[in-house]
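S.K.: Structure here, sequence nowhere to be found:
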């Protein structure tokens, strides 16, 4: 398949060329970390690994892992490899799972990240002519500025709407004629609902593609967003520790996300043993920032669960593909000993034709874990008899039991009673005190 | 002979019935008959009103889930044994009743029963054939 590429020489490079680039960059990274980051030097010394031992990209396995805890322990700048004067920008994680983590970028890092984001916009079919409507939050969060710089790098037009004021978002989509919408998938749903509420036919809006990320989402949710907004919806992946959005993105084939592996080298490991896993096997995604200067993390454990595929894609790109993340090792729920990802529950609900607005409430009552699945009642599933509504509850409970082996209490709620999110949706409320 | 009943999904939260009926009051909708079916988590509020279309619009605008169902209204004399006659007709016709609720008319000596049956048309036929009076939509809405 012929396609448009931002940098075909990299995106469609042979494995040999990619191997050469990766190996060269890894050697430079290790050298720099050993010289400039005391934490890495200490760990490598403890493991008996010297920079000279790292010759090819495969030698990455000899290096120590880095975790979110390491970033917190060295808060704010302890893992930076360049003097402060060379920093061009600072971002920080939202801090929703604890103390926030701070990341830094040199001018070259910003440029590399913007390149990753620009490649992503082209992957979904974007061009220089397009208006890129950025509804991710601007600020310490990487979402807004990441796509913004990507759009500018491409030569397209960035519209820095940021998140919030949803009616104005729709107004801008309509009046300015945005071509590509960028935000979290849950906010895309919300914008889609608002388009309908405002009585606008989404097929009359020029927007044709959406770049959605920063939280895991399912295929069914993709279909729902595509229906609500009459667009094609693409998954983008990124995390502030590595760069931000643009680490990986789907192409037109929507069959895995192409990782910008010349900058971010991926591995899949067994989260329990740290063992590297082969293509096709799900495990924890780990990145080594071989293209970065300011915060060149080695084998950073993302806690995202996915698999890799090195076979060339029909789009012409040879960049390795990661599967859509199935969930995170840290948002995995353990309910009565059974591991469940919220995204798995979402799949079951959407397959039954339920509304994608749901919330999971986990509690511990009399030493037993309980899961309550709250779903909004839509007119499509409502009827005037209690019997029919109870049978809906039973159908959901049975489906969860048979596909995921979990016992859940189903609770039907009135429409719009689950708070809508302008950023990442809050799907789980864990009331357990353990 | 089919009358439109509004069914509204209501979470079991105190104050919810007040809020919903206030929406109807503001919309100038008059309630003719009312019934609530409830479980531990939710209830279904069923209403016969004078202006079903306006009522549905007002409720939907307030983000409520509403559906319209066809029901029938039977008029009976307010005397012992009269309601049983109507039930016997349905039983003999093998027509199952999903639910029902009754109210007494302003006309002296008359009572009305709203019936939700599975086979609405057949029920109307049987009841009429047995001489039981049924109210049409205009009569109920205009009461």
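M.R.: That came through, no problem. No experiment lies behind these values; they were computed from the predicted model shown.

S.K.: The residue in chain A positioned nearest to chain B and residue A:103, how far apart?
M.R.: With Cβ to the nearest Cβ, the shortest gap between chain A and chain B falls at residue A:384, namely 3.6 Å. Quick note: C-beta positions are derived from backbone N, CA and C, even for glycine. Per Cβ to Cβ, to the nearest Å, residue A:384 is found 55 Å from residue A:103.

S.K.: Neighbour count: these two, which is higher?
M.R.: residue A:103 (27 against 24; other Cβ atoms under 10 Å in any protein chain shown).

S.K.: Is it correct that the more buried one is in contact with residue A:240?
M.R.: Yes - assessed by Cβ atoms under 8 Å, residue A:103 is found in contact with residue A:240 at 5.1 Å.

S.K.: Tell me the confidence at residue 99?
M.R.: Using chain A here. pLDDT, residue A:99: 69.

S.K.: try chain B instead
M.R.: 95.

S.K.: which ones are touching it?
M.R.: Contacts here follow Cβ atoms under 8 Å, 6 or more residues apart in numbering or on different chains; on that basis residue B:99 touches A:385, B:35, B:37, B:46, B:116.

S.K.: Give me the contact list for the helix or strand harbouring residue A:221.
M.R.: Under the criterion of DSSP states H and E, residue A:221 resides in helix A:219-229. If you take Cβ under 8 Å, 6+ apart as the criterion, helix A:219-229 is touched by A:181, A:185, A:188-189, A:191-193, A:195-196, A:202, A:205, A:207, A:210, A:212, A:231-233, A:235, A:254, A:324, A:346-347, A:350-351, A:356.

S.K.: need the next SSE after that helix, C-terminal direction.
M.R.: Toward the C-terminus from helix A:219-229 - assigned by DSSP H and E - lies strand A:232-237.

S.K.: who does that following strand pair up with?
M.R.: Taking DSSP bridges as the criterion, strand A:232-237 forms sheet pairs with strand A:209-213 (parallel), strand A:248-250 (antiparallel).

S.K.: Report the secondary structure state of the spatially closest residue to residue B:66 that is not a sequence neighbour.
M.R.: Excluding the flanking residues, the one nearest residue B:66 by Cβ to Cβ, 6 or more residues apart in numbering or on different chains is residue B:59, at 4.7 Å. Assigned by DSSP: H, G, I helix; E, B strand; the rest coil, the conformation of residue B:59 is helix.

S.K.: so what's in contact with residue A:103 and residue A:240 at the same time?
M.R.: Both residue A:103 and residue A:240 are contacted by A:91-93, under the criterion Cβ under 8 Å, 6+ apart.

S.K.: Show me those that map onto strands.
M.R.: Among the shared contacts of residue A:103 and residue A:240, DSSP state E puts A:91-92 in strands.

S.K.: which of the shared contacts of residue A:103 and residue A:240 lies closest to residue B:121?
M.R.: Within those, proximity to residue B:121 (Cβ to Cβ) peaks at residue A:93, which comes in at 63.2 Å.

S.K.: distance of the closest one from residue A:76?
M.R.: Distance from residue A:93 to residue A:76, by Cβ to Cβ: 12 Å.

S.K.: So for those two, which sits in the more crowded spot?
M.R.: residue A:93 (21 against 15).

S.K.: Spatially nearest residue to that one (excluding sequence neighbours)?
M.R.: That would be residue A:101: by Cβ to Cβ, 6+ apart, it lies 4.6 Å from residue A:93.

S.K.: which residues does the one you found contact?
M.R.: By Cβ under 8 Å, 6+ apart, residue A:101 lies in contact with A:68, A:71-72, A:75, A:92-93, A:95, A:240-241.

S.K.: Swap in 7 Å and give it another go.
M.R.: A:68, A:71-72, A:92-93, A:241 (Cβ atoms under 7 Å, 6 or more residues apart in numbering or on different chains).

S.K.: same check, this time on residue A:249
M.R.: When contacts are counted by Cβ under 7 Å, 6+ apart, residue A:249 touches A:120, A:123-124, A:234, A:236-237, A:257-258.

S.K.: and what of residue B:29?
M.R.: Residue B:29 touches B:49-51, B:54-55, B:58, counting by Cβ under 7 Å, 6+ apart.

S.K.: okay, residue B:6: pLDDT?
M.R.: Among the per-residue scores, residue B:6 holds a pLDDT of 96.

S.K.: Against residue A:253, how distant is it?
M.R.: From residue B:6 to residue A:253 the distance is 48 Å (Cβ to Cβ).

S.K.: Who has more neighbours out of those two?
M.R.: The neighbour comparison of residue B:6 against residue A:253 (other Cβ under 10 Å) goes to residue B:6, with 23 against 15.

S.K.: So that one: helix, strand or coil?
M.R.: strand.

S.K.: mind listing what it touches?
M.R.: Contacts of residue B:6 by Cβ under 7 Å, 6+ apart are B:47, B:49, B:52, B:55-56, B:66, B:68.

S.K.: Kindly state the beta-bridge partners for it.
M.R.: Bridge pairing for residue B:6 - DSSP bridges - gives residue B:47, residue B:68.

S.K.: circling back: tell me who's in contact with the nearest residue to the residue of chain A closest to chain B once chain neighbours are set aside.
M.R.: In space, and not counting its chain neighbours, residue A:384 is closest to residue B:7: 3.6 Å by Cβ to Cβ, 6+ apart. By Cβ under 7 Å, 6+ apart, the residues touching residue B:7 are A:384, B:44, B:46, B:66-67, B:69.

S.K.: Residue A:274 now?
M.R.: Residue A:274 makes contact with residue A:65, according to Cβ under 7 Å, 6+ apart.

S.K.: Just confirm it is within a strand.
M.R.: No - using three-state DSSP, the assignment for residue A:274 is coil, not a strand.

S.K.: Please report the distance of it from residue A:267.
M.R.: Distance from residue A:274 to residue A:267, by Cβ to Cβ: 10 Å.

S.K.: Of the contacts of residue B:7, just the buried ones, ChimeraX syntax please.
M.R.: A single ChimeraX command selects the buried members of those (16 or more other Cβ atoms under 10 Å in any protein chain shown):
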select /A:384 /B:44,46,66,67,69
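
S.K.: is it possible to export the contacts of residue B:7 to a markdown table including pLDDT and distance to residue A:142?
M.R.: Shown next, in a markdown table, are those (pLDDT from 0 to 100; distance: Cβ to Cβ, whole Å):
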| residue | pLDDT | distance to residue A:142 |
| --- | --- | --- |
| A:384 | 91 | 49 |
| B:44 | 95 | 47 |
| B:46 | 96 | 51 |
| B:66 | 95 | 43 |
| B:67 | 94 | 45 |
| B:69 | 92 | 51 |
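
S.K.: For chain A, give me its nearest residue in chain B.
M.R.: As assessed by Cβ to the nearest Cβ, chain A sits closest to residue B:7 within chain B, at 3.6 Å.

S.K.: Next up, the contacts around the residue of chain A closest to chain B.
M.R.: Counting by Cβ under 7 Å, 6+ apart, residue A:384 makes contact with B:7, B:44, B:46, B:67, B:69, B:116.

S.K.: and the two most separated of these?
M.R.: Those two in those that are separated most widely, counting by Cβ to Cβ, are B:67 and B:116, at 12.2 Å.

S.K.: residue ranges for the helices of chain A, please.
M.R.: Assigned by DSSP state H, chain A shows helices spanning A:8-11, A:15-36, A:38-47, A:68-73, A:107-123, A:142-154, A:166-175, A:185-197, A:219-229, A:342-351, A:386-404.

S.K.: what bridges to residue A:375?
M.R.: As for beta bridges, residue A:375 partners with residue A:358, residue A:412 under DSSP bridges.

S.K.: wait, I meant residue B:75
M.R.: Bridge pairing for residue B:75 - DSSP bridges - gives residue B:112, residue B:133.

S.K.: Tell me the buried residues in the worst-scoring helix or strand of chain B on mean pLDDT?
M.R.: Every helix and strand in chain B was compared by mean pLDDT, DSSP states H and E; the lowest is helix B:137-141, with a mean of 83. Using 16+ other Cβ under 10 Å as the burial criterion, the residues of helix B:137-141 that qualify are B:140-141.
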